[in-house]
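Q: okay, sequence plus prediction incoming.
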There are 2 protein chains.
Amino acid sequence: MSDVVAAIESYLESTAEERLDQYQAFLRIPSISALSEHATDVTQAATFLAEAMSAIGLENVEVSPTDGHPVVYGDWLHANDAPTVLVYGHYDVQPVDPLDLWVRPPFEPRIEDGCIYARGAADDKGQVHLHLWAARAWLETQGRLPVNIRYVFEGEEESGSVNFDAWLERNRRRLTADLAVISDSGFFQDNHPAITIGLRGLMYAQIDVTGPSQDLHSGTYGGLVQNPANALARILTGLRQPDGRVAVPGFYDEVRGLSPAERAEFARLDFDDAKLAADIGVPELFGEPGFGSLERRGARPTLDVNGLWSGFQGEGSKTIIPAHAHAKVSCRLVPDMDPARTFQLVRDRVLADAPPGVEVDVWLINDGMWSLTGIDHPATRAAAQALEAVFGESPVYLREGGSIPAAASFGSVLGLPVVLLGFTPPDDHAHSPNEFMRLDNYEGGIRTVARYWEILGAGLG
Amino acid sequence: MSDVVAAIESYLESTAEERLDQYQAFLRIPSISALSEHATDVTQAATFLAEAMSAIGLENVEVSPTDGHPVVYGDWLHANDAPTVLVYGHYDVQPVDPLDLWVRPPFEPRIEDGCIYARGAADDKGQVHLHLWAARAWLETQGRLPVNIRYVFEGEEESGSVNFDAWLERNRRRLTADLAVISDSGFFQDNHPAITIGLRGLMYAQIDVTGPSQDLHSGTYGGLVQNPANALARILTGLRQPDGRVAVPGFYDEVRGLSPAERAEFARLDFDDAKLAADIGVPELFGEPGFGSLERRGARPTLDVNGLWSGFQGEGSKTIIPAHAHAKVSCRLVPDMDPARTFQLVRDRVLADAPPGVEVDVWLINDGMWSLTGIDHPATRAAAQALEAVFGESPVYLREGGSIPAAASFGSVLGLPVVLLGFTPPDDHAHSPNEFMRLDNYEGGIRTVARYWEILGAGLG
């Protein structure tokens, strides 16, 4: 054990009580960003965080306004030639309903059996807080950080990050960095240390099929006009093959194949299809043939209908031919797909399938880039080394199916490699009642981050 | 002109003012059956009607209760060996919104330019009222009717006739008749006299596709599970060919083909496809190849989606895989299709198309029989003769695309041939603002019905 590691360990052991008190005080603020009645709570959480950051010696600390809830910024930039890391987390939390399913009130944190229970304990206040203590341990014991760090803590992640890109754009000149580290993810099943190296991108569109100027009587007009709902069903059917493959011409052209090494890494991960099917209540899993479940989720693109509406939706019968029919359709994207090109391909296919007698429109609602920072990337390797040193196991590498808006933004707005290094337990009940963080993961997280900075401080690759 | 005709004509001319006063008094009662705040108005209209029936000498007049609004019954059964006719109409009316589009208040009838404007003037109070005066003219001038008549006036036709079949079942023993005459239809375009000889039947079902026990994140689960909305689209697509033909195996097996004479009758009717397309706001009409528009509407079965819903229907994007997806699907049926068998065929096809990973259910919501009383049926021939005598033109024969619940019930519950003899002008704005009846049609209707009874009194074929 190096002197630095020993000093940090000693410091963290002697401050455990103060740390948990502060963690719980942070959790007591109900900073639910999606609910306007909690607006002052969100502001209070931002202030609490900023004060904690200033107190440990971070500089340029600022509660930085957006059109919604503020971003809390702070930095420490005295590590000279060492790399600069942009650290991202969020201090807002999910709503808590249904409240009656919480065993303990969501904003009265309790520590039981080595876990801390509260809304935000895992997602993401716990991870924001452990970053502060990793920095504090370095600053208190060494008087310095081994890397330059810019902390960016968002207040709207749980309500769609709608103002975050604009804030990034406005602040891009002061956000120069070599690497972004996002701590908003977690460990793999059985609480195995993990690094998320990839996220999928998104293309989200709407299809509108317009027929008669108003709903028509299905007796008087049945047999005379194209039915927009039947037409929409046919259009949607043309987008996917029965086996789950996407049927849009050119859709797979830019998809990067999986190398044998990548397939081996996926194969190394245990994944129980039958258990997941039972957990989510489906008779069996389903997806593109030729790939395992984790490959389909992490490394293969999809096309899903997210919503559908037309005509009569009530009880009983109403004999109409609907005037119009609509669908929300989205694709999850993987390297090297371009969201704009994917939209064009889907649009072309839909319009080519438009039947006579109706008008069909397709429009983009939003999109976002995928991200992938390979296992061999120096920043990934350093994170793996830190995790193994603290948790005693080499991490697994995950490619997640979803998107984290900030990750896409750091990649596409700032052009940074992104490492997703998070510490929440896999069964943390994030977004659900009875959210919790394991204290082992939290304390190990502090030590891992402290070690990660030390390794990165020796140079990025 | 026979003595009877001359006497009836003279009587009707001398009573025109009293008749229109009574007609308008009937129209002033806002008997909207679908709106509970008008319940006492519906009752008042029933009482008004029953009193008018008693006053002219009809017998056994009764405001007969149902689980909803009452049926008004009355009869005159002293024509000995002459046929017995069951006459049907309804005294309830449609709602009037949007009220601001009415040029005159809907329940303050006005006579202008030979038309009477009010809600119910055409559909169907005007036609109920003309039946009363046809009977009154006979009874006042001849002291008898030439046929036996049972009048059945419903109070829930505009709210789905939900209690009518049960009433018919309860009263079937006293409803013995040889023929049902329904006056709830109208003349053909350019106000040409018409007899509606056919109506289509109905089979209305719901399809439920059930996937995961709750909506899933489309990133985390996209590629792992069958999507119920995609699955529903594929199921619906399997029910119809792109050209509009129904793709359900066996669907057309029982469909009675059109004879050359029937096709000639359809061909005789002017029908302007381009005008209809423009009126309803579609780029072009669409339907089963090989048949004209009126044939498709009157004599060919259909399959239409009436409603569709699944997942997210709001503004913007929500990245979910919906837990379930639903469709309302109905078929219009023609001779000799059996609604129950049609449901089984559709159900079989849907279940055969059910993909892996979801559960699919299909259930019948309601159905109704088609009806067809041929051009050569004696009751149709007699109606044609009466129309031609009064209006000076031989009628056209229509097969309508919709269903009239009462027509199906008289056919299936009572086993009667049904003649649809109605007098409303084709542009009567029924169900819309500014509904009206042409007084020529109304007065001619009285004379036609009086003549029809005379012809039928000579014997049914």
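A: Received it, and whenever you're ready, just let me know what you need. Numbering: from 1, shown residues only, chains lettered A, B, ... in the order given.

Q: so where do the strands sit in the stretch 301-450 of chain A?
A: Counting by DSSP state E, counting those that start in this stretch, the stretch 301-450 of chain A has these strands, from start to end: A:304-311, A:320-321, A:324-333, A:359-368, A:371-372, A:396-400, A:418-420, A:436-438.

Q: what do you get for the stretch 51-200 of chain A?
A: A:59-64, A:71-76, A:84-90, A:110-112, A:115-117, A:148-154, A:179-182, A:194-199.

Q: export those strands to TSV and tack on distance to residue A:415 and mean pLDDT?
A: For the C-beta atoms, the positions are set from N, CA and C on the backbone; glycine is no exception. Shown next, in TSV, are these (distance: least, Cβ to Cβ, whole Å; pLDDT from 0 to 100):
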stretch	distance to residue A:415	mean pLDDT
strand A:59-64	21	98
strand A:71-76	19	98
strand A:84-90	11	97
strand A:110-112	42	96
strand A:115-117	37	98
strand A:148-154	15	98
strand A:179-182	10	96
strand A:194-199	16	95
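
Q: which of the ones you listed sits closest to chain B?
A: Of all the strands of the stretch 51-200 of chain A, strand A:194-199 sits nearest to chain B, with 8.1 Å by Cβ to the nearest Cβ.

Q: mind listing residues that contact that closest one?
A: The contact list for strand A:194-199 (Cβ atoms under 8 Å, 6 or more residues apart in numbering or on different chains) reads A:185-188, A:298-299, A:334-335, A:370-375, A:377, A:380, A:383-384, A:387, A:395-400, A:402-404, A:407-408, A:419-422.

Q: swap in 6 Å and give it another go.
A: A:185, A:187-188, A:298, A:371-373, A:383, A:395-400, A:403-404, A:407, A:420 (Cβ atoms under 6 Å, 6 or more residues apart in numbering or on different chains).

Q: the helix or strand that that strand is followed by packs against which elements?
A: As assigned by DSSP states H and E, the chain's next helix or strand after strand A:194-199 is strand A:201-210. Under the contact definition 3 or more Cβ pairs under 6 Å, 6 or more residues apart in numbering or on different chains; DSSP states H and E, strand A:201-210 sits against helix A:228-237, strand A:324-333, helix A:339-352, strand A:359-368.

Q: and the angle for strand A:201-210 with strand A:359-368?
A: Between strand A:201-210 and strand A:359-368, the angle comes out at 160 degrees (axes from the mean of the first three to the mean of the last three Cα atoms, to 10 degrees).

Q: if we can go back for a sec, tell me which of the strands of the stretch 301-450 of chain A sits most buried.
A: strand A:320-321 (a mean of 28; mean count of other Cβ atoms under 10 Å in any protein chain shown).

Q: ok, and what's touching stretch A:172-191?
A: Contacts for stretch A:172-191 (Cβ under 6 Å, 6+ apart): A:83-89, A:124, A:127, A:193-194, A:196, A:379, A:396, A:407, A:410, A:416-422, A:424-426, A:460.

Q: how distant is that stretch from the center of its chain?
A: 10 Å (Cα atoms, centre = their mean, to the nearest Å).

Q: can you get me the start-to-end distance on that stretch?
A: End-to-end span of stretch A:172-191 (Cα to Cα, to the nearest Å): 36 Å.

Q: and the residue of the stretch 101-250 of chain A found nearest chain B, what element?
A: Evaluated by Cβ to the nearest Cβ, the stretch 101-250 of chain A has residue A:219 as its residue closest to chain B, separated by 2.6 Å. Taking DSSP H and E as the definition, one finds residue A:219 inside helix A:218-221.

Q: format the CA atom coordinates belonging to that helix as PDB.
A: What follows is helix A:218-221, C-alpha atoms only, in PDB (Å, rounded to 0.1, in the frame of the first residue of the first chain):
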ATOM      1  CA  SER A 218     -68.200   2.500 -40.700                       C
ATOM      2  CA  GLY A 219     -71.400   1.200 -42.200                       C
ATOM      3  CA  THR A 220     -72.100   4.100 -44.600                       C
ATOM      4  CA  TYR A 221     -68.400   4.400 -45.700                       C
END
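
Q: same list (the strands of the stretch 51-200 of chain A) but as TSV, adding mean neighbour count.
A: Below are these laid out as TSV (neighbours: other Cβ atoms under 10 Å in any protein chain shown):
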stretch	mean neighbour count
strand A:59-64	16
strand A:71-76	23
strand A:84-90	26
strand A:110-112	13
strand A:115-117	21
strand A:148-154	25
strand A:179-182	26
strand A:194-199	25
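
Q: which of the helices and strands packed on strand A:201-210 sits closest to residue B:105?
A: Set against residue B:105 and scored by Cβ to Cβ, these come closest in strand A:324-333, at 32.8 Å.

Q: does the closest one reach chain B?
A: Yes. Judged by Cβ under 6 Å from any Cβ of the partner chain, strand A:324-333 and chain B are in contact via A:328, A:332.

Q: what about the residue of the stretch 101-250 of chain A closest to chain B, how many neighbours?
A: 24 (other Cβ atoms under 10 Å in any protein chain shown).

Q: residue closest to the middle of chain A?
A: What sits nearest the mean C-alpha location of chain A, by Cα atoms, centre = their mean, is residue A:404, with 3.1 Å.

Q: check contacts around that residue.
A: Residue A:404 touches residue A:199, counting by Cβ under 6 Å, 6+ apart.

Q: related to what we said a few turns ago, CSV please, covering the helices and strands packed on strand A:201-210 and showing mean pLDDT.
A: Formatted as CSV, the helices and strands packed on strand A:201-210 follow (pLDDT from 0 to 100):
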stretch, mean pLDDT
helix A:228-237, 98
strand A:324-333, 97
helix A:339-352, 98
strand A:359-368, 95
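
Q: neighbours of the residue nearest to residue A:86 when sequence neighbours are not counted, how many?
A: Spatially, and ignoring its direct neighbours in sequence, residue A:86 is nearest to residue A:177 (4.1 Å; Cβ to Cβ, 6 or more residues apart in numbering or on different chains). Using other Cβ under 10 Å, residue A:177 has 22 neighbouring residues.

Q: distance check, residue A:177 against residue B:183.
A: Distance of residue A:177 to residue B:183, given as Cβ to Cβ, to the nearest Å: 83 Å.

Q: and for residue A:55?
A: From residue A:55 to residue B:183 the distance is 88 Å (Cβ to Cβ).

Q: settle it for me: which of the two has more neighbours?
A: Just comparing residue A:55 and residue B:183: by other Cβ under 10 Å the higher neighbour count belongs to residue B:183, 23 against 12.

Q: what ranges do the helices span in chain A?
A: A:3-14, A:16-27, A:39-55, A:125-142, A:164-171, A:218-221, A:228-237, A:260-268, A:273-280, A:293-299, A:339-352, A:378-391, A:405-412, A:439-457 (DSSP state H).

Q: for the helix holding residue A:219, packing partners?
A: strand A:320-321.

Q: where does pLDDT dip in the stretch 101-250 of chain A?
A: The stretch 101-250 of chain A contains no residues with pLDDT under 70.

Q: near chain B, which residues of it show up?
A: Residues of the stretch 101-250 of chain A lying near chain B (Cβ under 6 Å from any Cβ): A:204, A:211-213, A:218-220, A:222-227, A:229-230, A:233-234, A:236-237, A:240.

Q: swap in the stretch 351-461 of chain A?
A: So far as Cβ under 6 Å from any Cβ goes, the stretch 351-461 of chain A lies against chain B at A:356, A:357, A:365, A:366, A:401, A:402, A:403.

Q: now the fourth one: how far from residue A:172?
A: What that stands for is residue A:366. 21 Å.

Q: that older thread, and the helices of chain A, which is most packed in?
A: In terms of average neighbour count - mean count of other Cβ under 10 Å - the standout among those is helix A:228-237, at a mean of 27.

Q: using the record's assignment, carve chain A into domains.
A: Using automatic domain parsing, the domain parsing of chain A gives A:3-199+A:370-457, A:201-255+A:301-368.
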